[in-house]
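Participant: predicted structure and sequence below. I'll ask about it afterward.
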Amino acid sequence: MSVIVIATVVPRAEHRGEVIAAFEAAVARVHAEDPGCELYALHEAPDELVMIEKWTDRDALDAHASAEAVTELNRAVTGKLQRPITVATYAPRPAGTTTQGQL
């Protein structure tokens, strides 16, 4: 079963550009290197960034957590965030149409 992850990132204002660049680099690497990645997408609001992720299963997500792209991302944003990254994991609960009722 797929696993959905929502990660919320609040960069320090003076480091916002650097944090976004680090996440964009990680997105490209994860798409290319992490098996089981179905979605790994960065979104932004004025004061925060949100990663929306979809993994084929828990094993793929667990492998991603220790992958080199994530290790480098964490290193790149150290000291540049207002608070630690908040990560929440969800199991899909499809409803409605197959294209609109699930990620």
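Facilitator: Arrived safely, thanks for sending.

Participant: how about the most centrally placed residue in the chain, what does it touch?
Facilitator: For the chain, the residue lying nearest the average C-alpha position, counting by C-alpha atoms, centre = their mean, turns out to be residue 51 (3.7 Å). By C-beta atoms under 8 Å, 6 or more residues apart in numbering, the residues touching residue 51 are 5-7, 9, 23, 40-43. (C-beta placed from N, C-alpha, C; glycine too.)

Participant: residue 55 touches residue 38, doesn't it?
Facilitator: Yes: the pair residue 55 and residue 38 passes the contact test of C-beta atoms under 8 Å, sitting 6.5 Å apart.

Participant: and the strands in the protein, which stretches?
Facilitator: With DSSP state E, the ranges of strands along the chain come out as 3-9, 37-44, 49-55, 86-90.

Participant: next, the angle from the last one to strand 49-55.
Facilitator: For strand 86-90 and strand 49-55, the angle between their directions (axes from the mean of the first three to the mean of the last three C-alpha atoms, to 10 degrees) works out to 30 degrees.

Participant: ok, of the contacts of residue 51, which come out buried?
Facilitator: 5, 7, 9, 23, 40 (16 or more other C-beta atoms under 10 Å).
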